[in-house]
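> How does the following fold in three dimensions:
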Amino acid sequence: MIGRLRGTLIAKRPPWVLVEVGGVGYELEVPMSTLYDLPDVGREVILLTHYAHKEDTVALYGFLRDDERTLFRDLQKVSGIGARIALAVLSGVSTAEFARLVQAGDVAALTRIPGIGKKTAERIVVALRDRLDGSVLTLPGMHADGGVPQDPQTEATIALQQLGYKPAEVARLVKESAQPGDTAESIIRKSLKLALR
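Numbering: from 1, shown residues only. Prediction:
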């Protein structure tokens with residue numbers, strides 16, 4: 001099974017990307033959350049992958065972050081959800097926001113994600129509420145290479161972007177919120193309070 005690819009990004013054709021590794025071009029389908037954060041074509045990229053083999057098809061899916069791949073896999077364990085809907089979820093909402101909606105049992109908000117009707121949303125809440133016990137909420141700072149950002153400001157910046165804030169807004173919020181000695185968690189909390197003013 002292919003679990004991770006490191007190579008040169010050759011092309012981006014949403015939702016597909018082409019990554020060359022050792023002279024072999026791998027075509028992967030990626031969620032929009034990954035596509036937006038990919039480097040420019042011609043640059044090195046590291047993608048976590050999910051290899052899917054069915055009776056008549058083989059597919060490879062790529063993710064920049066482990067929390068996205070984990071949610072992609074968990075969603076497909078819910079009856080009636082396949083790869084297409086799982087990608088739509090990841091393209092429509094951050095993993096942290098999705099976990100919050102599931103924990104809150106917010107079926108109405110879940111149905112606004114393309115491909116999810118009321119019954120599917122209810123199944124998701126029942127099936128995933130216990131799995132999304134906060135573990136997804138702590139993962140946005142993880143990188144595909146397994147490393148964690150060293151400084152709290154970088155970690156907070158990544159987490160806020162995963163919550164859906166634009167990079168320019170995140171830079172402003174972190175700059176105004178961060179104080180020497182702050183943890184990433186405290187910077188995130190202060191930034192979110194500032195954003196809600």
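> Going by C-alpha atoms from here, please, whenever you check contacts or count neighbours.
OK.
> list the contacts for the residue nearest in space to the middle of the chain?
The C-alpha lying nearest the average C-alpha coordinate of the chain belongs to E68 (Cα atoms, centre = their mean; 3.7 Å). By Cα atoms under 8 Å, 6 or more residues apart in numbering, the contact list for E68 reads 90, 95.
> Over to I187?
I187 makes contacts with 152-153, 156, 174, 177-179, as judged by Cα under 8 Å, 6+ apart.
> Roughly how far does it sit from Q161?
With distances taken as Cα to Cα, to the nearest Å, I187 is found 13 Å from Q161.
> for T8, same thing?
Counting by Cα to Cα, the separation of T8 from Q161 is 24 Å.
> Who has more neighbours out of those two?
T8 (21 against 17; other Cα atoms under 10 Å).
> Work out for me the element the more buried one sits within.
Following DSSP states H and E, one finds T8 within strand 4-13.
> Now tell me what touches the next helix-or-strand element following that strand from outside.
Scanning forward in sequence from strand 4-13 by DSSP H and E, the next helix or strand is strand 16-21. Outside strand 16-21, the residues within contact range by Cα under 8 Å, 6+ apart are 5-12, 25-30, 45.
> Pick out whichever of those residues sits closest to A104.
Of all the contacts of strand 16-21, A104 sits closest to V30, with 27.3 Å by Cα to Cα.
> doesn't A59 make contact with that closest one?
No - under the criterion of Cα atoms under 8 Å, V30 makes no contact with A59, lying 11.0 Å away.
> Settle it for me: which of the two has more neighbours?
Legend: neighbour count by other Cα under 10 Å for V30 and A59, higher for V30 (23 against 13).
> what about the nearest residue to the more buried one once chain neighbours are set aside, which SS state?
In this structure, V30 finds its nearest non-sequential neighbour in G62, 5.0 Å apart by Cα to Cα, 6 or more residues apart in numbering. What DSSP: H, G, I helix; E, B strand; the rest coil gives for G62 is strand.
> G62 pairs with what?
Beta-bridge partners of G62, counted by DSSP bridges, are T49.
> show me what contacts it?
With contacts defined as Cα under 8 Å, 6+ apart, the neighbours of G62 are 28-31, 34, 47-50, 69.
> Over to L87?
Applying Cα under 8 Å, 6+ apart, one finds that L87 lies in contact with 30-31, 72.
> returning to that earlier point: what about the residue nearest to V30, distance to L48?
With distances defined as Cα to Cα, the gap from G62 to L48 amounts to 6 Å.
> Now do the strands in this structure.
Counting by DSSP state E, the chain forms strands over residues 4-13, 16-21, 24-29, 44-53, 58-63, given from the N-terminal end onward.
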